[in-house]
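[1] Quick one: sequence and predicted model below, then my questions.
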Amino acid sequence: FLVPILALPSAGPRMDDGSCPPSQNWTEGQDETLRCSARGNPSPSVECTKDGEPFPTRVPQPVTRAHAGIYQCRATNPLGTAVRNVTVWVDCEWGRGSWGSQGDSAGSASL
C-alpha cells in the first residue's frame, strides 16, 4: 500500500517578535538564555553575535551588566538569510536600575 507524503513548500528564514523578541529583559545574577529562533523550510540555522563575538542562543548564561546591549542574530538556510537586532536590558540587583545598549544606569540608589 502507498502512503502519501506531504511536501511542505520551501521558504526562506523568517524571524518575528514571537520567535526572536526584539527586546529582552534579564536580571543580573540570574541564568538567562538569548531567545532567538527562526522558521523556514529547510530549517534555518541561527547564530547571534554581540560586538562581533559569537553568543550562544540555547545555553543559559549567568548574567552580568556586560550582557546588556544589542545582539545581531542571523538566520540562514539555502533560500536566504534574515537578520534581526535584539536589545538586552539588564536589571541590576542593587536597585531597579537598568543597563541598556550604552551601559548607562537608568536607576537610582538611596542610602
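    Thanks, I have it.
[2] Any chance you could list what contacts the longest strand along the chain?
    Ranked by residue count under DSSP state E, the longest strand found in the chain is strand 80-91. With contacts defined as CB atoms under 8 Å, 6 or more residues apart in numbering, strand 80-91 is touched by 12-15, 20-28, 34, 36, 38, 44, 48, 63-65, 67-75, 97-101. All C-beta spots, glycine's among them, are computed from the backbone N, C-alpha and C.
[3] Next step: the residues you listed restricted to strands.
    Judged by DSSP E, the contacts of strand 80-91 include 12-14, 23-27, 48, 69-75, 98-99 as members of strands.
[4] State the phi and psi torsions of residue 78.
    phi -60, psi -20 (degrees, to the nearest 10).
[5] Please tell me I have it right and it contacts residue 43.
    No - in this structure residue 78 lies outside contact range of residue 43 using CB atoms under 8 Å: 10.8 Å.
[6] Show me which of the two is the more surrounded one.
    residue 43 (12 against 9; other CB atoms under 10 Å).
[7] how close does that one get to residue 37?
    Remark: distance between residue 43 and residue 37 (CB to CB, to the nearest Å) = 10 Å.
[8] next one: residue 74
    12 Å.
[9] do the same with residue 49
    Between residue 49 and residue 37 the computed distance is 16 Å (CB to CB).
[10] re earlier: can I have the buried ones of the ones in strands among the contacts of strand 80-91 as a PyMOL selection?
    In PyMOL, a selection of the buried entries from the ones in strands among the contacts of strand 80-91 looks like this (16 or more other CB atoms under 10 Å):
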select buried, resi 12+13+24+26+48+69+71+72+73+74+75+98+99
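[11] Am I right that residue 73 is in contact with residue 47?
    Yes - between residue 73 and residue 47 there is a contact at 7.2 Å, judged by CB under 8 Å.
[12] Return every residue with contacts to both of those two.
    Here residue 73 and residue 47 share the contacting residues residue 57, scored by CB under 8 Å, 6+ apart.
[13] Under the pLDDT cut-off, which ranges of this structure? List them.
    1-8, 93-111 (pLDDT under 70).
[14] What sits closest to residue 79 if chain neighbours are left out?
    residue 12 (4.1 Å; CB to CB, 6 or more residues apart in numbering).
[15] Thank you kindly, that will do.
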